[in-house]
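J.: Based on what follows, work out the 3D shape:
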Amino acid sequence: MNTLRCDRTHAWAGLRDHYETHGRRFDLREAFAGDPGRFDAFGIEAPGLFADLSKNRVDAATMKRLLDLASECRLAQRRDAMLAGAAINTTEDRAVLHTALRAPRGLGPYSDDVHNVLEAMLAYVESVRDTRASGIRHIVNIGIGGSDLGPQMAVPALEAFAHPELVFHFVSNVDGHDISAVLRHLPPAETLFVVASKTFTTQETMANAQAARAWFLAKGGTDVAKHFVATTTNVAAAAGFGIDKTFGFWDWVGGRYSLWSAIGLPIALAIGADNFRALLAGAHDMDRHFATAPLAKNLPVLLGLIDVWYRNFHGFTSRSVAPYHQGLERLPAYLQQLEMESNGKCVDLDGEPLPFATSPVVWGEPGTNGQHAYFQMLHQGTDVIPVEFLLVKHPTHELADQHAKLLANGLAQAQALMLGKHTSEAMAERAPTAAKSLAPEILARHRTFPGNRPSTTLLLDRLTPYSLGALVAMYEHRVFTSGALWGINSFDQWGVELGKALCNDLLPRLASGNTEGLDASTAGLMRRLLA
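T.: Alright, predicted model coming up:
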């Protein structure tokens, strides 16, 4: 379709001028002092969550210019093309239709195909969850990338909804230490292995699957077909492995967008058919919000626009994700793949080198653990790093005092990042642990916080299948938004391929010792490994 890359628009040039005259010196403290209604103006309601954008370095004038950029880049048209099934993954000539996986029957492309697989998968799920009849107590998901990160994020997030008699394990690394530590304590007769690989050829996944089958047979297992199931399109290869129960998906489902497909089998096994449908419903409602809400009130769009503002004008190179809920401990890792694999690109849709930065580094840990690890850098480091706080109003436990402490910590960290502490305030305080010989003005400089550090707070009423579905879909559409403005293909991942190809060359060399034709470093390291 006819699109315009962001740096070639009139709006981009206007944003450059706006940043130099206004954005560079923007101060959040002054913004709140001058606008009592700022919180209301920058509070956005979306399905399943509320977003407070008021602690970001934007105001109405900045957002208007960013929305002008979205309009000039034809963001709405690109969104509509994706949702309609156009082949927007141009380098692979594929549609991008993860949204079809969560659309109710009859309301999305390929609806009959999608729902036939879904219904078959959920019927199987309920048979396994009948643990008295199935005998299954342990589920081992064997995958990597999206076929691991999605289920591994969602299962603990929804622990409160999980089957009480099923224990879930996740194996992804080709390092044998990963699977051997899982297998060591499992009873074969009570274990179900889920082998997740679209092609049934993924090197790491198949190495682990073969190790699991060898262990199963060595421990006296006799029915591979009962204890192994595959989520794959390569039914023949799965049958050759000994698997006769498979659930497929399609080439328009990218790995990092696949938890809604058969790749979500471990999630469904954990939470059951009805809750899995609620997960899909939350995502679908966010899809409708993304598709229909005005851009000025469209949460994924606004977050994506702020991401561009920070990356390309402020020059912020990373974003920290701090979920204040232990169930979301794997969310930062999940978002790393979603954003960095999608938008970590250096050429545009026409293959032309980009003159600007794209994906930030995404990283983080759950609060309050992160406060005692890396928050020092967030508060007083030389880099400004926007932070994303996730708070959940109602916990699923009864420890009310601890939850109040958790929420207070999350609110306090966002407040501290914004407000900071002036040197004069530090001078007026007493620090019991400070060196007595240190001059007060020097100590005060050590205890000064610059403040004006931006953050976003996402608030969920409860962490449920519905709200988790909405949250993840929101992040997907946010990544699409920034990628569309940058004029890149957010749905291929050629950067993963080179290392795989080189590995296939090096693997037999580790057996033969042949280093001919290798660079000096790789050859030297190989000789040391083989010595």
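J.: The residue nearest the centre of the chain: which element?
T.: Residue closest to the mean C-alpha point of the chain, counted by C-alpha atoms, centre = their mean, is residue 335 at 1.8 Å. In this structure, residue 335 is located in helix 331-336 according to DSSP states H and E.
J.: ditto for residue 140
T.: When elements are assigned from DSSP H and E, residue 140 belongs to strand 138-142.
J.: what's that strand packed up against?
T.: Under the contact criterion of 3 or more C-beta pairs under 8 Å, 6 or more residues apart in numbering; DSSP states H and E, the helices and strands touching strand 138-142 comprise helix 146-157, strand 167-171, strand 191-196, helix 203-218, helix 265-292. For every residue, glycine as well, the C-beta is placed using N, CA and C.
J.: can you rerun that using 7 Å?
T.: Using 3 or more C-beta pairs under 7 Å, 6 or more residues apart in numbering; DSSP states H and E as the contact definition, the elements that strand 138-142 packs against are strand 167-171, strand 191-196, helix 203-218, helix 265-292.
J.: what angle do the first one and helix 203-218 make?
T.: Relative orientation of strand 167-171 with respect to helix 203-218: 130 degrees, computed using axes from the mean of the first three to the mean of the last three C-alpha atoms, to 10 degrees.
J.: Next: the longest one.
T.: Here helix 265-292 runs at 150 degrees with respect to helix 203-218, directions being taken by the same axes, to 10 degrees.
J.: tell me the mean pLDDT over helix 265-292?
T.: Average pLDDT, helix 265-292: 98.
J.: The nearest residue to the residue nearest to the centre of the chain once chain neighbours are set aside in helix, strand or coil?
T.: Among residues not flanking residue 335 along the chain, residue 362 sits closest, at 5.2 Å (C-beta to C-beta, 6 or more residues apart in numbering). In three-state terms, and counting by DSSP: H, G, I helix; E, B strand; the rest coil, residue 362 is strand.
J.: So what does the residue lying farthest from the centre of the chain have for phi and psi?
T.: Distance from the C-alpha centroid of the chain peaks at residue 437, with 47.9 Å (C-alpha atoms, centre = their mean). Its backbone dihedrals place residue 437 at phi -80, psi -10, with angles given as degrees, to the nearest 10.
J.: For residue 427, see how far away it is.
T.: To residue 427, residue 437 is 17 Å away according to C-beta to C-beta, to the nearest Å.
J.: What of residue 295?
T.: Per C-beta to C-beta, residue 295 is found 47 Å from residue 427.
J.: Which parts of the chain are strands?
T.: All strands of the chain, identified by DSSP state E, fall at 43-46, 49-52, 138-142, 167-171, 191-196, 228-231, 246-247, 318-324, 361-363, 387-394, 455-462.
J.: Let's see the pLDDT reported for the residue nearest to residue 335.
T.: The per-residue pLDDT reported for residue 362 equals 98.
J.: That one against residue 333, yeah?
T.: No. At 9.2 Å, residue 362 does not count as touching residue 333 under the criterion of C-beta atoms under 7 Å.
J.: so what are the domain limits for the protein?
T.: Listed domain ranges for the chain are 6-72+293-419+453-492, 98-276, 495-530 (source: automatic domain parsing).
J.: Present the ones you listed as TSV; the columns should include distance to residue 89.
T.: Shown next, in TSV, are the domains of the chain (distance: least, C-beta to C-beta, whole Å):
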stretch	distance to residue 89
domain 6-72+293-419+453-492	4
domain 98-276	8
domain 495-530	15
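J.: Run through who's touching the helix holding residue 335.
T.: Among residues not part of helix 331-336, those counted as contacts by C-beta atoms under 7 Å, 6 or more residues apart in numbering are 149, 150, 153, 321, 323, 362, 363, 364, 365, 475.
J.: how close does the last one sit to residue 230?
T.: Right, residue 475. Computed as C-beta to C-beta, the residue 475 to residue 230 distance reads 28 Å.
J.: Repeat that for the third one.
T.: With distances taken as C-beta to C-beta, residue 153 is found 21 Å from residue 230.
J.: now swap in the second one and tell me
T.: When C-beta to C-beta is applied, the distance between residue 150 and residue 230 equals 16 Å.
J.: got it, and residue 269?
T.: When C-beta to C-beta is applied, the distance between residue 269 and residue 230 equals 14 Å.
J.: Equivalent analysis for residue 280, please.
T.: In this view, residue 280 and residue 230 are 21 Å apart by C-beta to C-beta.
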